[in-house]
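>>> just a sequence and a predicted model for now, questions to come.
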Amino acid sequence: MTVITVTPRGFAVANMALSCSSLCRHLSLVRLCGLRTNRTTTGLYSPYLSCQSRLPLCRLYSSSKVRRGIGRYVTSRLQWANSKYEGFLKRRFPSFYQLYHTFVEGFKLLFQDAKDVRRIKAKMTSDRVKFQDLPYREMEKLRQFHRNMIKAIPLVMISIPPFANYLVFVLMYFFPRQLLIPHFWTPRQQVEFRGVYNSLRARHHWPVLKGLEDMSRQVKEGQLQSDLRHLCAKVQSGVNPKVSEILAVRRLFSGPPLGMKRMSVDHMRHISPLLFLTPRLPGFVIGRRLNSHALELLQLDRALSRLGPHQLSDAELRQACYVRGLNSDSLGVNQCREWLSQWLQVSSSLKDSEVSLLLHSIVFLSANYQNGLKWSH
């Protein structure tokens, strides 16, 4: 690792040293011309000749033009040194160059997202637009940027000191999934890590269904109790339920025992990982976070329904399915569209008070969908 990091940096420093020496020579000439043209002379030259000889040079070497020229020169030399540095890495250390390229492109994407978010927030302020009234893509941009920044801030802080970017490269190499946001993942890593996260999420499907079975005993209405048990048994047997079967129990998810503010803490701890939220928090904090994320997801679904799922690109479609609990990388595009259509049928029928059912639909709809994860008792 030492050879990889020191040699390219030494190459870049040498180039920068040559660039600085050349720059100093240019600055010396400019400074000399400036001194000769700005000096007030007496004796050998008459004031008239001094003024006449000074004016053309003053126009040629004005301070603003000098600053612009120096800025362009410095920028071009830095770009030249950087291109040489990248070319050296690509030839001699291709694996390291892949990390370096991913790092640079990731920051470009992150800064572009920051500009987009700033524009969206300015629009919300000037036009008095609420979050739930934003178009789908702008709403999703805000949602995803907020989550990325929580994870990216430590990485950005580490990268600030000189030469600290090499520490970031080490972290990228050894702990990319744990420490980096998707901006800094290679395309191969994005598919691999989404599979890992889907597997971690699927571990909580069975506990969620078991919790529903236990709480069904508290349901007093016989038909609703029977419908809930039938729904849980169907999913546990490996069958994908119909939308109508899910909506048949919607009344149970607006009040006790399955409403968002009526669920037990243990059950909320099993639901939290479905949204990639930590369950290791006090119960009242988990409840607030689940409610906030569930309402945000419901508003996102409503914006997507206004846009129309057919307007999404293939990448946007797979991302939308992944956010809602489906392992979309193992499915075709048409299968993803079909699944998302089923999800939106459930979501569009729900009120804000029934948002708990939307979270449980992550299990109901994604557990057994075609090539999705299967149950193992």
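Noted; the coordinates are in hand.
>>> mind listing what residue 356 touches?
Residue 356 is in contact with 253, 254, 258, 259, 260, 263, 294, counting by CB atoms under 8 Å, 6 or more residues apart in numbering. (Glycine included, C-beta is placed from N, CA and C.)
>>> would TSV of those residues with distance to residue 319 and neighbour count be doable?
Output for the contacts of residue 356, formatted as TSV (distance: CB to CB, whole Å; neighbours: other CB atoms under 10 Å):
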residue	distance to residue 319	neighbour count
253	26	23
254	30	18
258	29	25
259	30	16
260	25	23
263	28	24
294	19	20
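>>> which among those gets closest to residue 135?
residue 294 (21.0 Å; CB to CB).
>>> still on that earlier bit, any chance of a markdown table for the contacts of residue 356, columns secondary structure and distance to residue 335?
Below are the contacts of residue 356 laid out as a markdown table (DSSP: H, G, I helix; E, B strand; the rest coil; distance: CB to CB, whole Å):
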| residue | secondary structure | distance to residue 335 |
| --- | --- | --- |
| 253 | helix | 27 |
| 254 | coil | 31 |
| 258 | coil | 29 |
| 259 | coil | 32 |
| 260 | coil | 30 |
| 263 | coil | 32 |
| 294 | helix | 25 |
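>>> quick check, nearest of the residues you listed to residue 179?
For these, the nearest to residue 179 is residue 294 (27.6 Å; CB to CB).
>>> ignoring the adjacent residues along the chain, who's closest to that closest one?
The shortest distance from residue 294 to any non-neighbouring residue, by CB to CB, 6 or more residues apart in numbering, is to residue 355 (4.3 Å).
>>> tell me the confidence at that neighbour?
Predicted confidence (pLDDT) for residue 355: 96.
>>> can I get the CA coordinates of the helix or strand harbouring it in PDB?
Taking DSSP states H and E as the criterion, the element that holds residue 355 is helix 355-366. Below are the C-alpha coordinates for helix 355-366, written out as PDB (Å, rounded to 0.1, in the frame of the first residue of the first chain):
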ATOM      1  CA  VAL A 355     -50.000   3.700   7.500                       C
ATOM      2  CA  SER A 356     -48.900   0.800   9.700                       C
ATOM      3  CA  LEU A 357     -50.300  -1.600   7.100                       C
ATOM      4  CA  LEU A 358     -47.900  -0.100   4.500                       C
ATOM      5  CA  LEU A 359     -44.900  -1.100   6.600                       C
ATOM      6  CA  HIS A 360     -46.300  -4.700   7.000                       C
ATOM      7  CA  SER A 361     -46.900  -4.800   3.300                       C
ATOM      8  CA  ILE A 362     -43.100  -4.900   2.900                       C
ATOM      9  CA  VAL A 363     -43.400  -8.400   4.200                       C
ATOM     10  CA  PHE A 364     -46.700  -9.300   2.700                       C
ATOM     11  CA  LEU A 365     -45.800  -8.300  -0.900                       C
ATOM     12  CA  SER A 366     -42.000  -8.900  -1.100                       C
END
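>>> find the residue at the geometric middle of this structure.
Centrality entry for the chain: nearest residue to the mean C-alpha point is residue 148, 4.3 Å, by CA atoms, centre = their mean.
>>> could you verify my assumption that it touches residue 181?
Yes. Contact status for residue 148 versus residue 181: in contact at 4.5 Å, counting by CB atoms under 8 Å.
>>> now for these two: what residues contact both?
Going by CB under 8 Å, 6+ apart, residues that sit against residue 148 and also against residue 181 are residue 110.
>>> what about the residue nearest to residue 283 when sequence neighbours are not counted, how many residues nearby?
Counting by CB to CB, 6+ apart, residue 283 lies nearest to residue 265, which is 3.8 Å off, once chain neighbours are set aside. Neighbour count of residue 265, defined by other CB atoms under 10 Å: 12.
>>> does residue 265 touch residue 281 like I think?
No. Using CB under 8 Å, residue 265 is not in contact with residue 281; the gap is 10.1 Å.
>>> ok, which stretches of the stretch 201-350 of the chain are helices?
205-215, 222-236, 243-247, 265-271, 283-307, 314-323, 333-347 (DSSP state H, counting those that start in this stretch).
>>> about what we covered before: ok, now which ones touch the residue nearest to residue 294?
Residue 355 touches 253, 260, 291, 294, 295, 298, counting by CB under 8 Å, 6+ apart.
>>> farthest pair in those?
253 and 295, at 13.7 Å, using CB to CB across the contacts of residue 355.
>>> picking that back up, closest to residue 200 out of the contacts of residue 355?
residue 294 (19.6 Å).
>>> quick check: the closest one touching residue 357?
No. Assessed by CB under 8 Å, residue 294 is found out of contact with residue 357, at 9.5 Å.
>>> quick check: which ranges of the stretch 251-377 of the chain have low pLDDT?
370-377 (pLDDT under 70).
>>> again, only using 90
Applying pLDDT under 90 to the stretch 251-377 of the chain flags residues 255-257, 261-262, 329-330, 369-377.
>>> outline the domain layout of this protein.
Taking automatic domain parsing as the criterion, the chain consists of the domains 1-92, 93-185, 202-366.
>>> out of the ones you listed, which comes closest to residue 191?
Closest approach to residue 191 among the domains of the chain (CB to CB): domain 202-366, 5.3 Å.
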